[in-house]
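1. Predicted model and sequence below, questions to follow.
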Amino acid sequence: MRAAVCRAYGPPDVVVVDEFPAPEIGSGQARVRVHAAAVNFPDVLIVADDYQMTAPLPFVPGSEFAGEVTEVADDVDTVAVGDRVFGTAFIGAFAEEIVVGASALTPIPPGVADETAAAFGVAHRTAYHVLRSVARVQPGEELVVLGAGGGVGLAAVQLGVELGARVTAVASSPEKLEAAAAQGAVELIDHRAGDLRQALRERHPDGTDVVVDPVGGDLAEPALRSLRWAGRFVTVGYASGTIPRIPLNLVLLKGIQVLGFQFLTFATNAPEELARNEAELMDLLVSGRALPHIGATFTFAEVAAALGHVAGGKAVGKVVLTVG
């Protein structure tokens, strides 16, 4: 099969489209003909061997995909050949075929395009679980979203508005803030244009209720300082490449909660909330009230360029590869 292959760790251009052995199918698994795949920042880190887990060389990067089931193991009855599905994996999505556990696949609702399905799962699931179950955002609350131009950030803006919050978007360019405004953000802050702490103080003199942070780095502390008494700060990831160090005296003085979200531990420890959130989120997808913003689309042959686009911080919303 044709696949994007990483044979040496490094920058995005080490990935080349070439022939690669098709994965074998095993118990509990299904084979999917990939039609579209989404490019995420962790894919860049995995290629560079800078992620928290290492993918042994050679490997096919890519964690998010949509396509059609072409084969299932004898013990699989949750999906069938011909089903349109989307799903996630650690690696393997940037290829003509991927084999994954059948439990990792979700049916694509009728009328939803492959590209939309491929771009939906990771960002919108992360954002919704964070807002609904971790931060427990309430209608009328002031929500600050850092990295609001990225995939998770834009999803958090969109879903925060859906849950009734008043959203402040913090991003690194006017283009990204424009996309956040289109998703319903009412306050827009370009953190490269001035001091973020001062900007948040001017917009929210009485403080904010929730901060969602998929960025880390230098943005975390000033955003945390914007919280009022009993506010909630949720750390989701570190797209900046730097894990922030938070002065604990701020937590003490403000009585705030510092919370974290990681999908696997959430799924393991809160299965009932996971199921409720998944059902609600699929309803939002089917109704069109929650759709990913696809800021750029690349062909399969342009996979290195797509990874470079994400690595360079140029992505607005999601970046999609058309594979099939």
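-> Ah, there it is.
2. Of all the residues in the lowest-mean-pLDDT helix or strand in the chain, which ones are buried?
-> Among the helices and strands of the chain, helix 263-269 carries the lowest confidence by mean pLDDT, DSSP states H and E, at a mean of 88. By neighbour count with 16 or more other CB atoms under 10 Å, helix 263-269 contains the buried residues Phe266. The way it works is simple: take the backbone N, C-alpha and C, and place the C-beta from them, glycine included.
3. Are there helices or strands packed against that helix, and which ones?
-> helix 114-129, helix 271-287 (3 or more CB pairs under 8 Å, 6 or more residues apart in numbering; DSSP states H and E).
4. And these: which comes nearest Phe94?
-> With distances scored as CB to CB, the stretch of the helices and strands packed on helix 263-269 nearest to Phe94 is helix 114-129 (11.2 Å).
5. got the CA positions of the host helix or strand of Arg228 in PDB?
-> Taking DSSP states H and E as the definition, Arg228 sits inside strand 227-235. Extracted in PDB, the C-alpha atoms of strand 227-235 (Å, rounded to 0.1, in the frame of the first residue of the first chain):
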ATOM      1  CA  LEU A 227      -9.500  33.800  37.400                       C
ATOM      2  CA  ARG A 228     -11.800  35.000  40.200                       C
ATOM      3  CA  TRP A 229     -12.400  33.200  43.500                       C
ATOM      4  CA  ALA A 230     -13.100  29.500  42.900                       C
ATOM      5  CA  GLY A 231     -12.300  29.700  39.200                       C
ATOM      6  CA  ARG A 232     -11.100  26.600  37.300                       C
ATOM      7  CA  PHE A 233      -8.000  26.300  35.200                       C
ATOM      8  CA  VAL A 234      -7.800  23.200  32.900                       C
ATOM      9  CA  THR A 235      -4.500  22.200  31.300                       C
END
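6. Could you pull out the buried residues of that strand?
-> Those would be 227, 231-235, for strand 227-235 by 16+ other CB under 10 Å.
7. And stretch 182-190, by the same measure?
-> Quick answer for stretch 182-190 (16+ other CB under 10 Å): 183-185, 187-190.
8. now stretch 143-154
-> 143-154.
9. which of these lies closest to Ala93?
-> Gly151 (14.8 Å).
10. Who are the packing partners of the lengthiest strand in the chain?
-> Longest strand of the chain, by residue count under DSSP state E: strand 29-39. Secondary-structure packing of strand 29-39 (3+ CB pairs under 8 Å, 6+ apart): strand 64-72, strand 84-88, strand 97-101, helix 114-129, helix 303-311, strand 318-322.
11. With mean pLDDT and distance to Ala239 added, can I get the ones you listed in TSV?
-> Converted to TSV, those look like this (pLDDT from 0 to 100; distance: least, CB to CB, whole Å):
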stretch	mean pLDDT	distance to Ala239
strand 64-72	98	16
strand 84-88	97	18
strand 97-101	97	25
helix 114-129	95	12
helix 303-311	96	10
strand 318-322	97	13
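12. who wins for proximity to Arg289 among those?
-> helix 114-129 (11.1 Å).
13. so what does the very next helix or strand once past the closest one touch, helix or strand wise?
-> Later in the chain than helix 114-129, the nearest helix or strand by DSSP H and E is strand 142-146. Other elements packing on strand 142-146 under the criterion 3+ CB pairs under 8 Å, 6+ apart are helix 151-162, strand 166-171, strand 208-213, helix 220-225.
14. One more pass at 6 Å, please.
-> In this structure, strand 142-146 packs against helix 151-162, strand 166-171, strand 208-213, with contacts taken as 3 or more CB pairs under 6 Å, 6 or more residues apart in numbering; DSSP states H and E.
15. Tabulate those (CSV), appending distance to Leu219 and mean pLDDT.
-> Putting these into CSV (distance: least, CB to CB, whole Å; pLDDT from 0 to 100) gives the following:
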stretch, distance to Leu219, mean pLDDT
helix 151-162, 11, 97
strand 166-171, 7, 98
strand 208-213, 7, 98
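16. right, and those - which one's nearest Leu274?
-> helix 151-162 (15.7 Å).
17. Looking at the buried residues of stretch 143-154, which is nearest Gly241?
-> Using CB to CB, Gly147 is the member of these that sits closest to Gly241, with 12.4 Å.
18. can you pull the contacts of that closest one?
-> 153, 214-215, 239 (CB atoms under 6 Å, 6 or more residues apart in numbering).
19. Name the residues of stretch 96-104 that come out as buried.
-> 96-102, 104.
20. what's the answer for stretch 217-229, then?
-> Buried-residue list, stretch 217-229, by 16+ other CB under 10 Å: 217, 219-227.
21. Give me the residues contacting it.
-> Here stretch 217-229 has contacts from 144, 146, 196-197, 200, 204, 207-208, 211, 213, 233, 240, 242, 244, 254-256, using CB under 6 Å, 6+ apart.
22. switch to 8 Å and redo it
-> With contact meaning CB atoms under 8 Å, 6 or more residues apart in numbering, stretch 217-229 is reached by 144, 146-147, 170, 191, 195-197, 200-201, 204, 206-211, 213, 233, 235, 238, 240-242, 244, 246-247, 250, 254-256, 258.
23. what does stretch 157-166 give?
-> Applying CB under 8 Å, 6+ apart, the set of residues contacting stretch 157-166 is 124, 127-128, 131-132, 137-143, 145, 148, 167, 169, 180, 183-187, 209-210, 212, 284, 289-291, 293.
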